[in-house]
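Take a look and give me a structure for this.
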Amino acid sequence: MRKLYIPTIAIGLAIVYLALAGCVTLTDKSIPVQQASAAIALKPASEPLTIMTWNIGYSGLGKESDFKADGGSMLRPPSKAIVRKNLEGIQGVLREQQPDVVLMQELAGPGFLTFGVNVLGGVKQALPDHSMFFSSDIRTRLFPGPLSLKHGLGTFLSVENDGTHIERIPEEPEAMMGLVRRRYHVQVTELTADGRDWALINVHLSAFDEGANTRMEQLTAVLNLAQSYYAAGKAVAVGGDWNMRLAPTDYAYTADDSAQFWIHDFPRDELDEGWQVAVDTSVPSVRTNEQPYTPGVNYTTNIDGLVVSPNVEIVSAEGLDLGFEYTDHQPVILKLRHRDQAGAPASAQ
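Predicted structure coming up:
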């Protein structure tokens with residue numbers, strides 16, 4: 001495995017900037033937002049709604065990569081060419097699928113992790129007929145472009161909606177590596193499909209918090225928010241990267257179990273009556289990053305999917321098996337429609 005280190009000049013600049021700014025962390029306390037319109041008028045939403053959730057790992061965690069925080073050796077991808085290769089693959093999937101809604105995590109602007117590649121712009125380019133709402137959960141301040149970080153959530157819609165806004169959720173008590181603090185939040189989009197009101201929530205929970213304590217606090221906040229929209233009469237879908245195993249899995253692997261230190265099960269007993277988890281357990285949605293990907297070696301499981309309210313029918317949930325070629329997560333595509341709560345139970349995993 002190839003080892004990558006931050007260049008000496010980068011470390012020196014970091015020290016200088018910290019000394020000048022008197023910063024406790026390198027990241028901005030605010031949550032900057034960037035929006036873009038669709039190239040054409042958005043179409044009216046209709047059911048079933050097609051929703052894709054995908055953590056794209058800033059186009060830097062394809063099959064060739066490992067990651068330091070997961071027990072690997074790399075701080076960033078092997079090369080700029082690899083980032084571009086991954087982005088082109090991600091764009092191809094998006095152009096082929098064209099879902100009504102894309103809930104995306106780990107989008108990134110040009111900066112240190114992407115070797116200057118504008119991943120966010122490339123994703124929008126692949127979805128010209130979708131509006132875009134991007135919000136940064138990690139954004140450095142004072143650093144020049146090549147050393148900067150701009151990293152976060154994106155919601156893309158090809159259907160008419162009432163706009164997207166953010167809601168903050170609990171943060172980790174300490175900054176990562178003592179320098180980078182993630183500004184955790186969710187994105188909430190409201191829309192009407194066939195006369196029925198929906199609330200869609202894009203979520204990315206903590207991954208490396210001790211004992212999953214922060215994750216549990218975040219989960220409580222997210223589920224309470226979702227319940228409030230359901231109580232207001234809306235159909236609710238909360239989707240993204242939960243960083244919790246959504247269902248039992250038994251995919252073959254030979255890697256050491258130590259790489260699974262961050263994995264905890266989603267506590268289904270925390271869900272109110274009638275709430276469901278939508279996940280495709282026939283295709284893994286994530287792999288461990290302690291080493292580059294080798295089929296049958298890395299541990300894989302499902303942490304990407306939706307939690308939906310009792311008035312939602314899960315028409316289908318399909319994971320796309322891309323062989324972890326472009327990202328360490330694989331997309332999940334779900335079709336949802338409103339249902340009469342007195343009707344037959346929806347199919348859920």
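
What is the neighbour count of residue 170?
19 (other CB atoms under 10 Å). Backbone N, C-alpha and C define where each C-beta goes, glycine included.

any idea which helix or strand carries the closest residue to it other than its chain neighbours?
Using CB to CB, 6 or more residues apart in numbering and skipping the chain neighbours, the partner closest in space to residue 170 is residue 217 (4.2 Å). Per DSSP states H and E: residue 217 is located in helix 213-231.

residues of that helix that come out buried?
The neighbour-count check on helix 213-231 (16 or more other CB atoms under 10 Å) flags 214-219, 221-223, 225-226, 229-230 as buried.

immediately after that helix, which helix or strand?
strand 235-241.

Who does residue 201 form a beta bridge with?
residue 188, residue 238 (DSSP bridges).

ok, so what distance separates it from residue 153?
10 Å (CB to CB, to the nearest Å).

Mind checking which of those two has more residues around it?
residue 153 (27 against 22).

could you give the angle of the helix or strand harbouring the more buried one to strand 235-241?
Assigned by DSSP H and E, residue 153 belongs to strand 150-157. Interaxial angle of strand 150-157 relative to strand 235-241 (axes from the mean of the first three to the mean of the last three CA atoms, to 10 degrees): 140 degrees.

partners of strand 150-157, with directions?
Short version: by DSSP bridges, strand 150-157 pairs with strand 101-108 (antiparallel), strand 131-139 (antiparallel).

Give the residues shared as contacts by residue 201 and residue 153.
Counting by CB atoms under 8 Å, 6 or more residues apart in numbering, the common neighbours of residue 201 and residue 153 are 186, 187.

Where does the prediction get shaky in the chain?
Applying pLDDT under 70 to the chain flags the ranges 1-28, 142-144, 175-180, 341-349.

Mind doing that once more with 50?
For the chain, applying pLDDT under 50 flags the ranges 1-25, 343-347.

Which stretches in it count as helices?
8-21, 80-97, 119-126, 213-231 (DSSP state H).

nearest to residue 327, of these?
With CB to CB, the closest approach to residue 327 among the helices of the chain belongs to helix 80-97: 6.7 Å.

Need the contact partners of that closest one.
Residues outside helix 80-97 that contact it (CB under 8 Å, 6+ apart): 52, 56, 59-62, 64-65, 77, 102, 114-117, 119, 122-123, 125-127, 320, 322, 325-327, 331, 333.

List the buried residues in stretch 103-122.
So, applying 16+ other CB under 10 Å, buried residues of stretch 103-122: 103-115, 117-120, 122.

Roughly how far does residue 193 sit from residue 44?
8 Å.

Now list whatever residues contact both of these two.
residue 159.

Please identify which of these two sits among more neighbours.
Relative neighbour count places residue 193 above the other of residue 193 and residue 44, with 21 against 11, counting by other CB under 10 Å.

How about the contacts made by that one?
45, 46, 47, 49, 159, 338.
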